[in-house]
Each structure stands twice: as C-alpha cells, then as structure tokens.
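1. Please find the sequence and the predicted model below.
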Amino acid sequence: MPLEAAAREEIDRALVASGWLVQDLATMNLYAGPGVAVREVPLASGHGVADYLLYADGKAVGVVEAKKVGQTLTGVEIQSEKYGAGLPAGIPAPVRPLPFLYQSTGNETRFTNRLD
C-alpha cells in the first residue's frame, strides 16, 4: 500500500473518531450529519484537488491535505491555503477563503485557524 494511502486510512479513522462522516464525492450526502468530510474534491481552476473538503451543516468550512507518513508538515500549510482559497463559487461557505486548514500524515496533524 502506498504511504499516502496508508495516511488516508488513518486520517479517515481520525475524522470518524472525531464525529465526521467520511464520504466519497460520487456518493456524498452533505445532510447525512452535522459534519461531513468529502474525499477528493476538485477545486476552482488552478487550485487542484482537496484530499478532504470539510462541511459543517452543509457548508464548506475547511480542508485536509494528506501527506505520506513521515513527511514533514512544516511548509504544507501553503498548499492547504491554496485549497482553502480555491473553493468553487457554487459550493456554499460561511467564510471565504475557508478558515480551517489541516495538514496530516495520519500520525501527525497540524491545524491553522484563519479566523484567529
């Protein structure tokens, strides 16, 4: 199993343990619960694909950037900031750019609160 895939399994487990419902884009239901984490969401042109887009009460609030186990997360915040700024216009969000940015290997997680 590739290292990033192993990290994503751990990230899935951590999200579920924290109360998030983890879903694939093709079968997402944003109203299945108060917190939904959707895997592999394409963003606006030039912004890439978010590993996870976090929805609270049906509105996008943050992103999680997955990295392979052992990778240093310092500096990855720039990538998650790009994703947070690249939310397509049709996706509802209470704040733009998205305020909650995570970078995770599954073993280690960094968090940036842009509202702070």
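-> Received, thanks. Values in this document were obtained by computation on a predicted structure and should not be read as measured data.
2. After the longest helix along the chain, which helix or strand is next?
-> Counting by DSSP state H, the longest helix found in the chain is helix 3-17. Using DSSP states H and E, the helix or strand that follows helix 3-17 towards the C-terminus is strand 21-24.
3. re the thing from before, from the contact counts, what lies against the longest helix of the chain?
-> strand 21-24, strand 49-56, strand 59-66, strand 100-104 (3 or more C-beta pairs under 8 Å, 6 or more residues apart in numbering; DSSP states H and E). Using the backbone N, CA and C atoms, a C-beta is placed for each residue, glycine as well.
4. Can you point out the buried residues in that helix?
-> By neighbour count, with 16 or more other C-beta atoms under 10 Å as the criterion, the buried positions of helix 3-17 are 4, 7, 8, 10, 11, 12, 14, 15.
5. before we move on, back to that, let's have the helices and strands packed on helix 3-17 in CSV, adding distance to residue 75.
-> Converted to CSV, these look like this (distance: least, C-beta to C-beta, whole Å):
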stretch, distance to residue 75
strand 21-24, 26
strand 49-56, 16
strand 59-66, 11
strand 100-104, 9
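6. of all these, which lies closest to residue 113?
-> Proximity to residue 113 (C-beta to C-beta) singles out strand 100-104 among the helices and strands packed on helix 3-17, at 6.3 Å.
7. what's the angle between the closest one and helix 3-17?
-> 130 degrees (axes from the mean of the first three to the mean of the last three C-alpha atoms, to 10 degrees).
8. So which elements touch strand 100-104?
-> Strand 100-104 packs on helix 3-17, strand 59-66, helix 77-85, strand 109-113, going by 3+ C-beta pairs under 8 Å, 6+ apart.
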